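Undergrad: Sequence below, structure please.
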Amino acid sequence: MRIEYHRTLIADRVRNRALFEALRKVIRKGETVVADIGAGTGLIGMMAARLGAKEVYLYEMAEVAGVASEILKQNRVRNCHLMPCSSLEMVDPPRVDVVISETLGNYAFEENMIDTLGDARQRHLKSGGTIIPGKVRQFVAPVVSSKFDEEMRAWDGVGADLGIALDLGFARTMSLNNIYVRAISPKDLLDAGQSAVRWDEVDFNSARNNKSARKGEVRWTMDGVHQVFGLAVWWEAELVPGITLSTAPGSPTTHWEQLYFPMLEPMQVQPGEVLQASLRSRSSEAEGTHLAWTVTRLDRQGKTLARQSLDLDKGYLP
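TA: Numbers count the residues shown, from 1 in each chain. All right, here's what the predicted structure looks like:
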């Protein structure tokens, strides 16, 4: 186990404050029972305890559960109960008033959050209880800055630098069939990010449309000539009504960043033409996260002028 990852979590003051305020809104002192799923070092569970929760059940199956156990002892939070297992595997779990799970990744659902909270809603949560986060929305915008694309093209310049002829195009294509965690700013995006579109939403309080396989399609009609180099993807979590946590470019900085989805080649789109993006993902504990994306350029009549399809599975070595 590497503790460094957990240090980045507890050092994220924006994250911690948002989660604390969300818990403050829903905990009734001496009454509320809380389940913290994916508890890590126990910080969120201890927040709930300090806010007056009657009981807190912390679910953590990784090695960090041992660290959480020691921290709970040091802080003498006797109403916190560490459950060293997956909440999915817990037989006849205690029913709670609040389920909280901060298992968000740079790609929102890479930690199997949908299945986890779907199970929690059915088996852990009392009728009328609260799930935190209540909703997660995913957004996408075209990237019009060339700097990320230039980074991906490093394969093309190696031979020239050495004065010999080399073609590393096969490796370059694999490299482009990947997603990259990057700090993307509004100025890197079409219309400084004002054209961002929501492509997916999950409401954890409902079983409807809560499958771990996600897909969405969005379009932009261009008002000028734009060179598009890829897509930027981020998320916004509504923890409880009125309190959100966002990884959008320009939002308060967190330990999360945005995701850059490359294209095989830049696409120049003319005024009146349409840029269409299709995104697909599926996540599971057994198989991890799979992502695919297609970018299509359409003329005013809807005829396809160019299309590029990329798949994260093509970016892995066989």
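
Undergrad: got any ranges where the stretch 201-318 of the chain has weak pLDDT?
TA: 318 (pLDDT under 70).

Undergrad: residue ranges for the strands of it, please.
TA: Listed in chain order, the strands of the stretch 201-318 of the chain (DSSP state E, counting those that start in this stretch) span 213-221, 226-240, 243-246, 258-269, 274-284, 288-298, 304-311.

Undergrad: Including mean neighbour count, could the ones you listed go into CSV?
TA: Quick note: C-beta positions are derived from backbone N, CA and C, even for glycine. Shown next, in CSV, are these (neighbours: other CB atoms under 10 Å):
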stretch, mean neighbour count
strand 213-221, 16
strand 226-240, 23
strand 243-246, 20
strand 258-269, 20
strand 274-284, 18
strand 288-298, 18
strand 304-311, 14
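
Undergrad: May I have the secondary structure class of the residue most central in space within the chain?
TA: Centroid-nearest residue in the chain, with CA atoms, centre = their mean: residue 108, separated by 1.7 Å. When classified by DSSP: H, G, I helix; E, B strand; the rest coil, residue 108 comes out as coil.

Undergrad: how close does it get to residue 116?
TA: 13 Å (CB to CB, to the nearest Å).

Undergrad: Likewise for residue 136?
TA: 13 Å.

Undergrad: Contacts only, for residue 236.
TA: Residue 236 sits next to 136, 137, 139, 244, 245, 246, 247, 248 when contact means CB atoms under 8 Å, 6 or more residues apart in numbering.

Undergrad: ok, these vs residue 92, which is closest?
TA: If you rank the contacts of residue 236 by distance to residue 92 using CB to CB, residue 136 comes first, at 28.3 Å.

Undergrad: what about that closest one, distance to residue 164?
TA: Applying CB to CB to residue 136 and residue 164 gives a distance of 49 Å.

Undergrad: okay, the two: which has more neighbours?
TA: Set residue 136 next to residue 164 and count neighbours by other CB atoms under 10 Å: residue 136 wins out with 22 against 8.

Undergrad: Out of the strands of the stretch 201-318 of the chain, which is closest to residue 156?
TA: The closest of the strands of the stretch 201-318 of the chain to residue 156 is strand 258-269. By CB to CB, the value is 11.7 Å.

Undergrad: partners of that closest one, with directions?
TA: strand 180-182 (antiparallel), strand 226-240 (antiparallel) (DSSP bridges).

Undergrad: Out of these, which gets nearest to residue 14?
TA: Taking CB to CB as the criterion, residue 14 comes closest to strand 226-240 out of these, the separation being 12.0 Å.

Undergrad: Just want the angle from that closest one to strand 213-221.
TA: If you take axes from the mean of the first three to the mean of the last three CA atoms, to 10 degrees, strand 226-240 sits at 130 degrees to strand 213-221.

Undergrad: neighbouring contacts of stretch 155-175?
TA: Contacts for stretch 155-175 (CB under 8 Å, 6+ apart): 152, 153, 262, 264, 314, 315, 317.

Undergrad: now the helices for the stretch 101-250 of the chain?
TA: 113-119, 147-152, 158-162, 169-176 (DSSP state H, counting those that start in this stretch).

Undergrad: From the contact counts, what lies against the first one?
TA: Right, helix 113-119. The contact analysis (3 or more CB pairs under 8 Å, 6 or more residues apart in numbering; DSSP states H and E) places helix 113-119 against strand 274-284.

Undergrad: Residue 221 against residue 276, yeah?
TA: No - assessed by CB atoms under 8 Å, residue 221 is found out of contact with residue 276, at 10.2 Å.

Undergrad: longest helix in this structure, by residue count?
TA: helix 13-26 (DSSP state H).

Undergrad: how far does stretch 228-236 sit from the chain's center?
TA: In terms of CA atoms, centre = their mean, to the nearest Å, the centre of stretch 228-236 is set 12 Å apart from its chain centre.

Undergrad: where does residue 68 fall, phi/psi-wise?
TA: For residue 68, the backbone dihedrals (degrees, to the nearest 10) come out as phi -60, psi -40.

Undergrad: Would you enumerate the residues in contact with it?
TA: By CB under 8 Å, 6+ apart, the contact list for residue 68 reads 39, 40, 41, 42, 45, 58, 60, 82.

Undergrad: per-domain residue ranges of this structure.
TA: For the chain, the domain assignment from automatic domain parsing gives the residue ranges 4-102, 139-315.

Undergrad: Start and end of the first one, how far apart?
TA: Okay, so that is domain 4-102. In domain 4-102, first residue to last residue: 17 Å (CA to CA, to the nearest Å).
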